[in-house]
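Asks: can't give you the sequence, but here's the structure:
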């Protein structure tokens, strides 16, 4: 991941308030980024020490180039920029300010050249590894056929193994038969075909009919819909589509680990995107996804409220729906082998329980005001975090049967009720509520979330609900 742009913004004080705390925490705990930040501060200090103002973008461009190379120099040797700082902070002994400024600029450019040559020589032994990285990048920027995974670690653990079996048509058909969902297969296939036809050239999905700020959520939900049916970036009829989607999501990740914009529903969108990366890694074992997923998990963990949950943005009051998405992402990341994802789950479970009444109904932010979507989402999240099966069965009795106007509620209701006494009624309601709302082209009629993520989000959520028969263990 390229951190340079964000580090420059961090040092210059240009980060938004929502990112500042996470950025400070990241720099404090990352030796490499701390060294780059220190070098950047020295560069800007050196330029400010001259009395002649340099060209507008000189310090910014030069600092970016320097930050990309400073940490690569052996620690025992003084870097080029440390020499620059040392020179310009010495007494001037009467030399004119314009001469000092010119010397700094010329010496800086010369130092960059020397460091670049030194870096090239030191990286000679790493050419094969760099070629591997370049090969991986083609997965997300070009034809899928060009990608040949070089470091695949097969999924381990019962949960990850179950996820990996999604791609097996026989296993999927058996679960459809067992859970009474055979007639949903055609609907899912049609929905995925429509989603594939609407993907942009850059790999994202435009929230048509929704709000542009929710492109990350639309893309993440669409990716989850393909993954939920067993399609990955390495196999399946939609491998190119999934590869492009994961590539776009990775491209939206900044230094703090956040995926998506610093506006709107920041954390729900980030959690959905994180879940997509986590499912892909858990299903395939493709370790090229590990670094971006670890960064996304770090941002999610650092954005948690002191109460244990997550709100729409950093620092806002947490809510059960965003927290349920965050728990889903973290549990999937844990299954994918990201150990840091496990620690926040206990406090998140406690937060969801604090909003749940004795009969099992959960409110958005207040225990006394339960909601259908929140109740279903919280129960599914609690099942992921180890809710005792008997208690899960008891709570499932109050999960409202979806009526087709809220596809997110349908998805969570299906996942919450699967394997419980409430499943038969929930399954019947899902099929009667969703299947008639599918259009001839494979898309689904608008629901309550269409105003945010458009028809893409609605269709993806409906497909996820109809995939519930084989998405997760009962």
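Replies: Looks like it came in fine. Note that this is a predicted model, so its numbers are computed, not measured.
Asks: okay, now the domains of the protein?
Replies: 4-135, 154-471 (automatic domain parsing).
Asks: let me have those in JSON lines, extended by mean neighbour count and mean pLDDT.
Replies: Quick note: C-beta positions are derived from backbone N, CA and C, even for glycine. Formatted as JSON lines, the domains of the chain follow (neighbours: other CB atoms under 10 Å; pLDDT from 0 to 100):
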{"stretch": "domain 4-135", "mean neighbour count": "15", "mean pLDDT": "50"}
{"stretch": "domain 154-471", "mean neighbour count": "21", "mean pLDDT": "96"}
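Asks: let's check: the centremost residue of this structure is which one?
Replies: Nearest residue to the geometric centre of the chain (CA atoms, centre = their mean): residue 274, 2.8 Å.
Asks: so that one sits against residue 294, correct?
Replies: No - applying CB atoms under 8 Å, one finds residue 274 not in contact with residue 294, separated by 10.4 Å.
Asks: just confirm the residue nearest to the centre of the chain is within a helix.
Replies: Yes - membership of residue 274 in a helix is supported by DSSP: H, G, I helix; E, B strand; the rest coil.
Asks: how far away is it from residue 310?
Replies: 11 Å (CB to CB, to the nearest Å).
Asks: likewise for residue 266?
Replies: Going from residue 266 to residue 310 by CB to CB gives 10 Å.
Asks: likewise residue 304?
Replies: As judged by CB to CB, residue 304 and residue 310 stand 6 Å apart.
Asks: between the two, what contacts are shared?
Replies: Counting by CB atoms under 8 Å, 6 or more residues apart in numbering, the common neighbours of residue 304 and residue 310 are 326, 348.
Asks: ok so, going back, identify the contacts common to residue 274 and residue 310.
Replies: Joint contacts of residue 274 and residue 310 (CB under 8 Å, 6+ apart) are residue 300.
Asks: just checking, residue 421 touches residue 393?
Replies: Yes - using CB under 8 Å, residue 421 is in contact with residue 393, at 5.9 Å.
Asks: off-centre distance for stretch 407-425?
Replies: 25 Å (CA atoms, centre = their mean, to the nearest Å).
Asks: contact partners of that stretch?
Replies: Stretch 407-425 has contacts (CB under 8 Å, 6+ apart) with 179-180, 324, 372-373, 376-377, 379-380, 383, 392-393, 395-397, 399-402, 404, 426-427, 429-430, 433-434, 444, 447-449, 458, 461-462, 464-465, 468-469, 471-472, 474.
Asks: ends of it, what's the gap?
Replies: When the termini of stretch 407-425 are compared using CA to CA, to the nearest Å, they are 17 Å apart.
Asks: and if you look at stretch 241-260?
Replies: Termini of stretch 241-260 sit 19 Å apart (CA to CA).
Asks: then stretch 192-210?
Replies: 19 Å.
Asks: could you do stretch 302-313 as well?
Replies: 12 Å.
Asks: what lies in contact with that stretch?
Replies: Residues contacting stretch 302-313 (CB under 8 Å, 6+ apart): 18, 21-22, 25, 257, 264-268, 270-271, 300, 314, 317-320, 322-323, 325-326, 344, 347-348, 350-352, 354.
Asks: among these, which are located in helices?
Replies: Among the contacts of stretch 302-313, the members found in helices (DSSP state H) are 18, 21-22, 25, 266-268, 270-271, 300, 320, 322-323, 325-326, 344, 347-348, 350-352, 354.
Asks: separation between the residue nearest to the centre of the chain and residue 432?
Replies: For residue 274, the distance to residue 432 - CB to CB - is 33 Å.
Asks: now do residue 205
Replies: For residue 205, the distance to residue 432 - CB to CB - is 28 Å.
Asks: same deal with residue 418?
Replies: Counting by CB to CB - residue 418 and residue 432 are separated by 17 Å.
Asks: try residue 331
Replies: Residue 331 is 30 Å from residue 432, by CB to CB.
Asks: cool, residue 367 as well?
Replies: Noted for residue 367: a distance of 32 Å to residue 432, by CB to CB.
Asks: now swap in residue 292 and tell me
Replies: Applying CB to CB, the value for residue 292 to residue 432 is 40 Å.
Asks: kindly report the same for residue 278.
Replies: 32 Å.
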